[in-house]
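Asks: Turn this into a structure:
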Amino acid sequence: MENVSGNVPYACLFLAVFLGLIGTVHGLYCKRDCHPPKCSCPQYNYPMNREDIPQMVYFGFDDAVNVMVSALYDRIFTENRTNPNGCPAKMTLFVSHKYTDYRRVKNFHENGHEIGVHSVTHSVIGNENLLRQEAKKQKDILMSRAGIPEKDIVGWRSPFLKPASVNQPKILKELGYEYDITYTYTRTHMSSPKPWPFTLDSGWPFRCATRPCARTRVKGFWTVPVEGLMDFKDLYPCTYVDGCVIGASNEKEAYKYLMDNFMSYYNTTRSPFGLNMHAAWFYRSFNLDAMLRFLDDIGKMDNVYIVTVKQMLDWMKYPTPLANISSLKSWNCHYKEPTEVPTTTTTTEKVINVTKLDERRNNPMWFILRRLF
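Replies: Numbering: from 1, shown residues only. Okay, the predicted model is just below:
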């Protein structure tokens, strides 16, 4: 039998050297030379006094932008819904092509909201060639039809949160994207650890919930984990806000669902609180009422900011204490006059849609349109 005892000192030496090159952050490995703005380690706790960290809240809405969802977004993101610095709260829209009204996309962008890409066909993207086609073409469409500068289109989300390949981040970076918000991180309780966004310099370190995961390392490319919320009973995770097995049945339960999840971030590590969702959640009017009350309540807190995904990552690149938040340029107010949709077109569009819905009152959006129009 081979005597391995003599190899132990060499093994220990190798381990010591290896650990000297690699830092450990709460069990997650990261190179010691990884520092913002070009690199950020995967971590559960951010190395800053909690009281100095703004509690960031971001919305990531998926799918087409049309008259119905636009009315909902306008109802939520009013001029009076502002952050503690006086600037309007903003959202991110991950836009797919079919049924999208690009005039409305243009208006949202000009009002300071972020526009990301959610594919052209909104179908499962099962290989790298298809990913390249979908990610490039939809970006081109947003540029040509909505007039959005290429430099402003930096975020991608795969349909159904299904990655195309282990090389998805590498391909997206080659296409000019700066972050991917596709990969899921499942919590099992409100108290479960909540990871911060990070760059893939060391790859994806968590359990792979939806394969294939990003096992390749992509220097300087950001990933924003889609962190599931817990249902209002704290029993089962909900990947999307509107994806709970046990959903709320009234406004009180829906409000509890939102606020309990928010407080599980706010009272612990203050990692960014993501509301990844579809506007379909508002098909039930009590969910819309709960969301508006939730936003009104957190809007009274002087350390909570509702920002876009890109603004949130800007903070990650340039971590700024609350006391100095005015120095973070992308969080300052940028007021722009929105491009007006012609009055005749808008009026006709409303009449046509409401008239059609009036003829089939069972449409789940009927009650929303009645309230909004």
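Asks: where do the strands sit along the stretch 151-300 of the chain?
Replies: Secondary structure of the stretch 151-300 of the chain by DSSP state E, counting those that start in this stretch: the strands cover 155-156, 179-180, 184-185, 198-200, 218-223, 226-227, 229-230, 237-238, 273-277.
Asks: could I get the fifth one in CSV with only the CA atoms?
Replies: By that I understand strand 218-223. Written as CSV, here are the backbone C-alpha positions of strand 218-223 (Å, rounded to 0.1, in the frame of the first residue of the first chain):
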residue,chain,number,x,y,z
VAL,A,218,-17.4,36.1,-17.5
LYS,A,219,-15.2,38.9,-16.2
GLY,A,220,-17.2,42.1,-15.3
PHE,A,221,-20.6,40.7,-16.4
TRP,A,222,-23.3,41.2,-13.8
THR,A,223,-26.0,38.7,-12.8
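Asks: Okay, buried residues for it please.
Replies: Within strand 218-223, the residues that qualify as buried are Val218, Phe221, Trp222, Thr223, counting by 16 or more other CB atoms under 10 Å. For every residue, glycine as well, the C-beta is placed using N, CA and C.
Asks: residues touching the last one, list them.
Replies: This means Thr223. By CB atoms under 8 Å, 6 or more residues apart in numbering, the residues touching Thr223 are Pro169, Tyr179, Asp180, Ile181, Tyr183, Pro197, Phe198, Thr199, Leu200, Trp204, Ala214.
Asks: give the contact list for Tyr236.
Replies: Tyr236 makes contact with Met230, Cys244, Val245, Ile246, according to CB under 8 Å, 6+ apart.
Asks: Only the buried subset of these, as a ChimeraX command please.
Replies: To isolate the buried members of these in ChimeraX, using 16+ other CB under 10 Å:
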select :230,244
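Asks: Report the two members of the contacts of Tyr236 separated by the largest distance.
Replies: Maximum pairwise distance among the contacts of Tyr236 (CB to CB): 11.0 Å, between Met230 and Val245.
Asks: Please identify every residue contacting each of those two.
Replies: Tyr236, Cys238.
Asks: Nearest residue to the most centrally placed residue in the chain in space, please, no chain neighbours.
Replies: With distances taken as CA atoms, centre = their mean, Gly60 lies nearest the centre of the chain, 4.3 Å away. Take Gly60 and drop its neighbours on the chain: the residue closest to it by CB to CB, 6 or more residues apart in numbering is Asn276, 4.5 Å away.
Asks: ok, now which ones touch the residue nearest to the centre of the chain?
Replies: Gly60 is in contact with Met91, Thr92, Phe94, Gly116, Arg157, Ile181, Gly274, Leu275, Asn276, Met277, Val309, counting by CB under 8 Å, 6+ apart.
Asks: Would you mind measuring from it to Lys90?
Replies: Computed as CB to CB, to the nearest Å, the Gly60 to Lys90 distance reads 12 Å.
Asks: With Glu174 instead?
Replies: Taking CB to CB, one finds Glu174 at 28 Å from Lys90.
Asks: who has more neighbours, the two?
Replies: The residue with more neighbours, out of Glu174 and Lys90, is Lys90; 24 against 13, by other CB atoms under 10 Å.
Asks: check contacts around the closest residue to the more buried one other than its chain neighbours.
Replies: Excluding the flanking residues, the one nearest Lys90 by CB to CB, 6+ apart is Thr308, at 4.8 Å. By CB under 8 Å, 6+ apart, the contact list for Thr308 reads Tyr58, Lys90, Met91, Thr92, His113, Glu114.
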